[in-house]
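Student: Return atomic coordinates for the entry below.
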Amino acid sequence: MYKYIAMAVALIFLAVGCSDDSTTPPQDTTTLIRLLNVAYDDTSGLDLYVAGTKVSSRVRAGKSGGYVKALTNGDSVPVGIHFADSAKARISSLQRMYSGGSFSVYAFPPIKTFSVSFADDQRTTSPGKARLKLVNGCSDGGQLSVAYTDETSTLLGPLRYTYISGYADVESGSHALSVLQLGNSAFEIAYDSVRLDPNGAYTLVLTGTLSDADQWGFIARLYNDNGDGTTYQDLSVAPDRGKVQMVHAVPGAAPFSVFLDGSTTATINNLTYPLQTPYVELATGSHTATVKVNGSAVISDKTFSILKRGRSTIFASGSLVPPNLSLLELVDLKKPLTPNNASLRVVNLSPDSPSLDGYFVTPTGDTKISECQDLSFRETSFSPSLNGQFFNLFPNSYTMVFKKAGTTEVVAGPTSISLMAGKIVTVWVGGLKSTAKIYTVTHN
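Tutor: Sure thing, here's the model as predicted:
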């Protein structure tokens, strides 16, 4: 009997052993960590220790030590930053490092009293997207943020010095980015386009100083957080350029072509009434435009200006008979006045119409648009409260009509116009008085 009991016990132990081997995976203790040395004034490098073990050595200023295995995890893992080859930590702290995670440690200048921030690098993106994080390592820049150049809102930030944003999922592909400064609307550093690959994660570190009194230039350095996390590229400052578009607003005129700065090759070909071109990018400063119809110049060497990273629309306006042709240059908004509203501008480009009053047509009657009253030819709307040509409108569909100023005589419309939040639109009245119509140009 004891023999059978012994055999049964042996079988039980065998069964348990086989079950453990087949269903219990080994515990994953792998944790990845890297050191990014943002201390631009460092000359010797820094060492990274995790749980008393050196895992990265002599990481130089502006460099990444790359993701290395820390071989430990937990809620209170000792992480220390040492001056190169020093046995004593300059800064140490306890960090939560979970199994399978990736982490970055950032060392900020000045190097003699450097500070450290710790971040969880959750590098997995939504399918097909890219992921971007911002780090403010500029000691004299105040609160900085990054935005798509010419877009309506901030992408990441604003961040104080030594602060780190979380990742934001963004569309993959090429993007032109700008650095902005909180409280300083005139500050913008625009960069050439940079590519963010699908399913890739990136960290944009702003480092150096803005001051011209020291040797440290301002750098926007994009670290690639994929793979071992060591590679990077410095964004290139975009040249001083702006954008302009052209609108054919001459009723009865044939398609025209536009020649810029004395060139014999047309920049714009066969533009027909009442269409507009896409924006064309040009160098900042003064330019000339010659408009030709059927090979003959109807407007010659008209000067216009390109603002630094600005946008403008040029309306070729007037009449052929009597001859009254000119280019009307209007500066456009780069961003809407408020992101939740539409930004609208109105201009009278009907060459033989009287001064016009603008109205919204409502079920209870016509309502005056206070910003566009008594508009003469080539005159734009004006908002006293915003001190500009554009004014805000709630997103909606509007029916507009224009009447001879001070009367009920309708000159153009009624015409329905749909305005969406964040859109920048110019409404213009064009054509001769007998056939005047309402047209729109959308600027973004």
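
Student: Residue nearest the middle of this structure, spatially speaking?
Tutor: The residue at the geometric middle of the chain, judged as the C-alpha nearest the mean C-alpha position with Cα atoms, centre = their mean, is Tyr148 (0.9 Å).

Student: wait, isn't it in contact with Val179?
Tutor: No. Under the criterion of Cβ atoms under 8 Å, Tyr148 is not in contact with Val179, lying 11.7 Å apart. (Glycine included, C-beta is placed from N, CA and C.)

Student: avg pLDDT for the helix or strand His287 falls within?
Tutor: Using DSSP states H and E, His287 falls within strand 285-293. Along strand 285-293, the predicted confidence averages to a pLDDT of 95.

Student: Contacts for it, please.
Tutor: The set of residues external to strand 285-293 that reach it, using Cβ atoms under 8 Å, 6 or more residues apart in numbering, is 253-262, 266, 297-306, 314, 316, 325, 327.

Student: Over to stretch 186-193?
Tutor: Stretch 186-193 is contacted by residues 149, 174-181, 218, 220, 235-238, 309 when judged by Cβ under 8 Å, 6+ apart.

Student: Over to stretch 64-76?
Tutor: Counting contacts by Cβ under 8 Å, 6+ apart, the residues outside stretch 64-76 that touch it are 29-37, 48, 50-51, 53, 55-57, 59, 77, 94-99, 101-102, 223, 228-232.

Student: Show me where the stretch 301-444 of the chain has its helices.
Tutor: Under the criterion DSSP state H, counting those that start in this stretch, helices are not mapped anywhere in the stretch 301-444 of the chain.

Student: Equivalent analysis for the stretch 151-300 of the chain, please.
Tutor: Listed from the start of the chain, the stretch 151-300 of the chain has no helices (DSSP H, counting those that start in this stretch) to report.

Student: okay, and for it, where does confidence drop off?
Tutor: Low-confidence regions of the stretch 151-300 of the chain, defined here as pLDDT under 70, cover residues 152.

Student: Asn251 and Leu432, how far apart?
Tutor: You called it Asn, but residue 251 is Pro. From Pro251 over to Leu432 the distance is 5 Å, taken as Cβ to Cβ, to the nearest Å.

Student: Also Val401?
Tutor: 18 Å.

Student: Over to Ser104?
Tutor: Remark: distance between Ser104 and Leu432 (Cβ to Cβ) = 66 Å.

Student: Just the C-alphas of stretch 344-352, formatted as CSV.
Tutor: Only the C-alpha atoms of stretch 344-352 are listed here, as CSV (Å, rounded to 0.1, in the frame of the first residue of the first chain):
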residue,chain,number,x,y,z
LEU,A,344,-14.0,87.5,-41.6
ARG,A,345,-12.9,90.4,-43.7
VAL,A,346,-15.1,92.2,-46.4
VAL,A,347,-13.9,94.3,-49.3
ASN,A,348,-15.7,96.1,-52.1
LEU,A,349,-14.2,95.4,-55.4
SER,A,350,-17.1,96.3,-57.7
PRO,A,351,-15.5,99.2,-59.8
ASP,A,352,-18.7,101.0,-60.7
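
Student: Now do it, average pLDDT.
Tutor: Averaging pLDDT along stretch 344-352 gives 97.

Student: buried ones in it?
Tutor: Residues of stretch 344-352 classed as buried: 344-351 (neighbour count, 16 or more other Cβ atoms under 10 Å).

Student: Also stretch 431-444?
Tutor: Neighbour counts over stretch 431-444 (16+ other Cβ under 10 Å) mark 431, 436-441, 443-444 as buried.

Student: Which residues does that stretch contact?
Tutor: Taking contacts as Cβ under 8 Å, 6+ apart, the residues outside stretch 431-444 that touch it are 150, 152, 245, 247, 251-252, 274, 276, 311, 313, 319, 332-333, 336, 350-354, 400, 402, 411-413, 415, 417, 422-430.

Student: Keeping just the C-alphas, turn it into PDB.
Tutor: Listed in PDB are the C-alpha atoms of stretch 431-444, where the atom choice follows Å, rounded to 0.1, in the frame of the first residue of the first chain:
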ATOM      1  CA  GLY A 431     -18.400  92.500 -61.000                       C
ATOM      2  CA  LEU A 432     -20.000  95.500 -62.400                       C
ATOM      3  CA  LYS A 433     -23.000  97.000 -60.500                       C
ATOM      4  CA  SER A 434     -25.500  95.400 -62.900                       C
ATOM      5  CA  THR A 435     -24.200  91.900 -62.300                       C
ATOM      6  CA  ALA A 436     -22.400  92.200 -58.900                       C
ATOM      7  CA  LYS A 437     -21.900  89.100 -56.900                       C
ATOM      8  CA  ILE A 438     -20.500  88.000 -53.600                       C
ATOM      9  CA  TYR A 439     -17.300  85.800 -53.600                       C
ATOM     10  CA  THR A 440     -15.100  84.300 -51.000                       C
ATOM     11  CA  VAL A 441     -11.400  83.500 -50.400                       C
ATOM     12  CA  THR A 442     -10.500  81.100 -47.700                       C
ATOM     13  CA  HIS A 443      -7.000  81.700 -46.300                       C
ATOM     14  CA  ASN A 444      -6.400  78.600 -44.300                       C
END
